[in-house]
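K.L.:
What shape does this take:
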Amino acid sequence: MPSQDLFSPLIVEAHSHGYSVPREWQAYLRTRGISTTRKSPEFLAPDDLTKLNSQLRDANCMIFRLGAAGSGSKTHFSVVSCMSLEDQFISNQTVLAASSDQLFFPIVPARELFSFGLIPNATENGLINLALCAGIIDEALGIEQRATLPARGNSLYSFRVCPSSEQQNLALEHVTGQVEIDAVFLGKQSGVDTIFVVEAKRLQGRRGISKAKLGYSTLAVQSLLKFPLKVQTVYLLFDRPAPDTIRFIVAPCEWNTKFISDMAVDISKVRSYLLPASFGF
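P.N.:
Residues are numbered from 1 along each chain as shown. From the prediction side, this is the model:
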């Protein structure tokens, strides 16, 4: 069976009932007679709309990774019918259109930034550290006290996923599934202690990000909070518009409902900063 016909029965099910019953991924591949060397996240967790399987895209269906989904330890998933797939993704074009580059003057001595210059091709985590150390994150998000050092990593989390406001009663269980968090830290914003959950991506070659990617990180953090704290989702982009300059685009997200589709970039609060190497790194 050709791999391009992978999701046919699930698309029919999703169009009939709004979603497909969660299934275990590897078992589903076997029933469809498909063998692949591609890793499951390539199918189940598309970074942007162009990475979503073309069969699902043409059928206006989104796919959601669901961890163990209540049985065993194998990765499960569900296909969900959507009126508009654009509601499941944030477009980088939208973020860029809302930002205007401005030169950033670090709030720390050049000595504190020097070591960043010794790693010209820094990782995403390294660039998050640079943005925090230089004060870019604090400035962009209006953090009144210096943000705490970030925690990062991946672990297993359980939480409820509500894919779309189009289906008010649809809630899928993400059970002991792995979620990677680029950075989470505590800061005080408008006098309120706030947990900031950051998803960071290089801008080059990327058209956007799935709201599920942002939402899962936020839901994972919220699932472990033992007391009420405000949680702010942040989409951080960076690139090099010139060899000696790094651009950081900080896009806070609004998410006032439980539905993944309702997450949106707060256009009025997007900030873009240029950090030249001449400032000490």
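
K.L.:
quick one: low-confidence parts of the protein?
P.N.:
1-4, 69-73, 147, 280-281 (pLDDT under 70).

K.L.:
Show me where it has its strands.
P.N.:
Secondary structure of the chain (DSSP state E): strands located at 23-24, 61-65, 76-81, 89-91, 101-103, 151-161, 172-189, 192-202, 208-210, 230-242, 245-254, 264-265, 271-276.

K.L.:
now A68: how far from L275?
P.N.:
42 Å (CB to CB, to the nearest Å). To be clear about C-beta, it is placed using only N, CA and C from the backbone, and glycine gets the same treatment.

K.L.:
who's more crowded, these two?
P.N.:
L275 (25 against 19; other CB atoms under 10 Å).

K.L.:
wait, doesn't the more buried one sit right on F104?
P.N.:
Yes: counting by CB atoms under 8 Å, L275 does reach F104; the two are 5.2 Å apart.

K.L.:
before we move on, back to that, and the strands of the chain as JSON lines, adding distance to V221?
P.N.:
Putting the strands of the chain into JSON lines (distance: least, CB to CB, whole Å) gives the following:
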{"stretch": "strand 23-24", "distance to V221": "27"}
{"stretch": "strand 61-65", "distance to V221": "17"}
{"stretch": "strand 76-81", "distance to V221": "22"}
{"stretch": "strand 89-91", "distance to V221": "19"}
{"stretch": "strand 101-103", "distance to V221": "30"}
{"stretch": "strand 151-161", "distance to V221": "9"}
{"stretch": "strand 172-189", "distance to V221": "6"}
{"stretch": "strand 192-202", "distance to V221": "5"}
{"stretch": "strand 208-210", "distance to V221": "17"}
{"stretch": "strand 230-242", "distance to V221": "6"}
{"stretch": "strand 245-254", "distance to V221": "14"}
{"stretch": "strand 264-265", "distance to V221": "19"}
{"stretch": "strand 271-276", "distance to V221": "23"}
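
K.L.:
can you tell which of those is closest to L52?
P.N.:
strand 61-65 (7.2 Å; CB to CB).

K.L.:
Report the backbone C-alpha coordinates of that closest one in PDB.
P.N.:
Extracted as PDB, the C-alpha positions of strand 61-65 are listed here (Å, rounded to 0.1, in the frame of the first residue of the first chain):
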ATOM      1  CA  CYS A  61      -7.600  17.300   9.000                       C
ATOM      2  CA  MET A  62      -5.100  17.900  11.800                       C
ATOM      3  CA  ILE A  63      -3.200  15.100  13.600                       C
ATOM      4  CA  PHE A  64      -2.500  15.100  17.400                       C
ATOM      5  CA  ARG A  65       0.100  13.000  19.200                       C
END
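
K.L.:
which residues touch it?
P.N.:
Residues outside strand 61-65 that contact it (CB atoms under 8 Å, 6 or more residues apart in numbering): 7, 10-11, 14-15, 40-41, 43-46, 52-53, 56, 75-82, 85, 88, 161, 163-164, 172, 174, 177, 212.

K.L.:
Next, the angle from that strand to strand 151-161.
P.N.:
Strand 61-65 and strand 151-161 are oriented at 120 degrees to each other (axes from the mean of the first three to the mean of the last three CA atoms, to 10 degrees).

K.L.:
orientation of strand 61-65 relative to strand 172-189 in degrees?
P.N.:
80 degrees.

K.L.:
Pairing partners for strand 61-65, with directions?
P.N.:
Paired neighbours of strand 61-65 in the sheet (DSSP bridges): strand 76-81 (antiparallel).

K.L.:
now the contacts of strand 61-65: which count as buried?
P.N.:
7, 10-11, 14, 43-46, 52-53, 56, 75-82, 85, 88, 161, 163-164, 172, 174, 177, 212 (16 or more other CB atoms under 10 Å).

K.L.:
Alright, that wraps it up for me.
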